[in-house]
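S.K.: All I have is the shape, not the residue letters:
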């Protein structure tokens, strides 16, 4: 392994990433509701909200609620009866969009109408349906098989022949490195290193297969989200312009890159000759043109991506069911806009597997469309934990007897690849 000390630029970049990661996680923690809350319309016409603890299953049509005496005492603007109710520990009887009933020693009294309640993070996770989470795990695995098949076809297209099983192994190794590399797609660096090692005679083609695989996945994800957002309209209007910009930039950049008149006008080939890594970049350029000259295969790749994303989105929807996300607030169709956008944001290389960044994205999107930010964050965190379990399976390939990739050597090469890109 290399003993060279990190460059100052690399250290500064890592420090900035750490600061950003800590800041984002701190922001998410401060925004999340940790206590259960109820809200109601009082008989005096006022709107009130108080924190406390939901007794029983919060997903049912009616619950009981124990108010937080400290919160009630500090709030100051709540009705007088709430103080005695909180201090005496009496439970409030609530029905969704119905009445709030305070049962005191002398009988029941209706204290408000149009009641509603929202669980805090602890309540959300405590009431998760493990059956749905198990189903989501199965769906995530099936979704990954679409991605494996897509990359396997792309490898074969540029002469990097390998078996589908070996492509599955390489994919799992990439997932394993997602545990330590920033971004939801951080493991692509490890995949690139491994596949280049296995095809030294076609290094450029092997590396470009990883790049094209990721581009196809991201562009399909963005186009899927854009179509859904344009169909649904509100409340996803805030997503339209960023998605249009992302799609236009991606498609426009690709068309410009492969446009021969533009390449000749800017003397693209001569520009590559002048760059320090000109020979390697030329090999990548030739591999990219190989893919561009096979539009049918690129179309198949996009269809496989669509299958991958569709199954993964259904899996995330299943996680929503496990936490009781109301179908009236977030439908299955809504997830086809939420998940792609949140996953694109999660790809920003700040934290491994997109933790923090992706969680904030889910929290923000859920709250923007009028749903519970706590439920959105719970879905996001559990989604990443499911990916974590799948990623850990990649370690088995490194521990298997006779494994072709040694962990220490691979870590060193991945670190070197990161240095070059820094």
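M.R.: That came through, no problem. It should be emphasised that the depicted structure is a prediction, and the values quoted were computed from it without experimental measurement.
S.K.: Confirm for me that residue 393 is in contact with residue 171.
M.R.: No - using C-beta atoms under 8 Å, residue 393 and residue 171 do not qualify as a contacting pair, with a distance of 10.5 Å. For every residue, glycine as well, the C-beta is placed using N, CA and C.
S.K.: After the helix or strand harbouring residue 245, which helix or strand is next?
M.R.: For residue 245, the enclosing helix or strand under DSSP states H and E is helix 237-258. Using DSSP H and E, the helix or strand that follows helix 237-258 towards the C-terminus is helix 260-265.
S.K.: quick one, strands of the chain?
M.R.: Counting by DSSP state E, the chain has these strands, from start to end: 36-42, 47-55, 62-67, 91-95, 99-104, 107-118.
S.K.: Switch those over to JSON lines; also include mean neighbour count and mean pLDDT.
M.R.: As requested, the strands of the chain are arranged in JSON lines below (neighbours: other C-beta atoms under 10 Å; pLDDT from 0 to 100):
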{"stretch": "strand 36-42", "mean neighbour count": "19", "mean pLDDT": "84"}
{"stretch": "strand 47-55", "mean neighbour count": "17", "mean pLDDT": "87"}
{"stretch": "strand 62-67", "mean neighbour count": "19", "mean pLDDT": "86"}
{"stretch": "strand 91-95", "mean neighbour count": "19", "mean pLDDT": "82"}
{"stretch": "strand 99-104", "mean neighbour count": "18", "mean pLDDT": "74"}
{"stretch": "strand 107-118", "mean neighbour count": "16", "mean pLDDT": "74"}
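S.K.: and of the ones you listed, who's closest to residue 249?
M.R.: Judged by C-beta to C-beta, the one of those that comes nearest to residue 249 is strand 107-118, at 37.8 Å.
S.K.: in its sheet, what does that closest one sit against?
M.R.: Partners of strand 107-118 in the sheet, by DSSP bridges, are strand 36-42 (antiparallel), strand 99-104 (antiparallel).
S.K.: what's the spacing between the closest residue to residue 221 other than its chain neighbours and residue 263?
M.R.: If the residues on either side of it in the chain are set aside, residue 221 comes closest to residue 340, at 4.4 Å by C-beta to C-beta, 6 or more residues apart in numbering. Applying C-beta to C-beta, to the nearest Å, one obtains 31 Å for the distance of residue 340 from residue 263.
S.K.: and these two? which has more neighbours close in?
M.R.: When neighbours are counted by other C-beta atoms under 10 Å, residue 340 and residue 263 differ, and residue 340 comes out ahead with 26 against 15.
S.K.: if I look at the more buried one, how far off is residue 171?
M.R.: Shown here: residue 340 relative to residue 171, a distance of 20 Å by C-beta to C-beta.
S.K.: for residue 388, same thing?
M.R.: 16 Å.
S.K.: Same drill for those two, tell me which one is more crowded.
M.R.: Of the pair residue 388 and residue 171, residue 171 is the one with more neighbours under other C-beta under 10 Å, namely 21 against 15.
S.K.: Is that one in contact with residue 144, as I believe?
M.R.: Yes - using C-beta under 8 Å, residue 171 makes contact with residue 144 at a distance of 6.9 Å.
S.K.: follow-up on the earlier one: give the buried residues for the helix holding residue 245.
M.R.: By 16 or more other C-beta atoms under 10 Å, the buried positions in helix 237-258 come out as 239, 242, 243, 246, 247.
S.K.: What about the nearest residue to the third one once chain neighbours are set aside, how many residues nearby?
M.R.: To tie it back to what came earlier, the one meant is residue 243. With C-beta to C-beta, 6+ apart as the measure, residue 226 is the residue that lies nearest to residue 243, at 4.4 Å, once sequence neighbours are left out. Taking other C-beta under 10 Å as the criterion, the count of residues near residue 226 is 21.
S.K.: ok, residue 226 touching residue 244?
M.R.: Yes - with contact taken as C-beta under 8 Å, residue 226 and residue 244 are classed as touching, separated by 6.6 Å.
S.K.: how about the helices in the stretch 251-400 of the chain?
M.R.: Here the stretch 251-400 of the chain has its helices, by DSSP state H, counting those that start in this stretch, at 260-265, 268-274, 278-292, 295-322, 332-346, 357-368, 373-392, 394-399.
S.K.: er, the stretch 101-250 of the chain I mean
M.R.: Counting by DSSP H, counting those that start in this stretch, residue ranges of the helices within the stretch 101-250 of the chain are 121-126, 130-157, 164-177, 187-198, 203-232, 237-258.
S.K.: So which elements touch the third one?
M.R.: Taking 3 or more C-beta pairs under 8 Å, 6 or more residues apart in numbering; DSSP states H and E as contact, the helices and strands that helix 164-177 lies on are helix 130-157, helix 187-198, helix 373-392, helix 394-399.
S.K.: Output those helices in a markdown table, with mean pLDDT and distance to residue 318 appended to each entry.
M.R.: Rendered in a markdown table, the data for those read as follows (pLDDT from 0 to 100; distance: least, C-beta to C-beta, whole Å):
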| stretch | mean pLDDT | distance to residue 318 |
| --- | --- | --- |
| helix 130-157 | 92 | 4 |
| helix 187-198 | 74 | 24 |
| helix 373-392 | 87 | 10 |
| helix 394-399 | 64 | 23 |
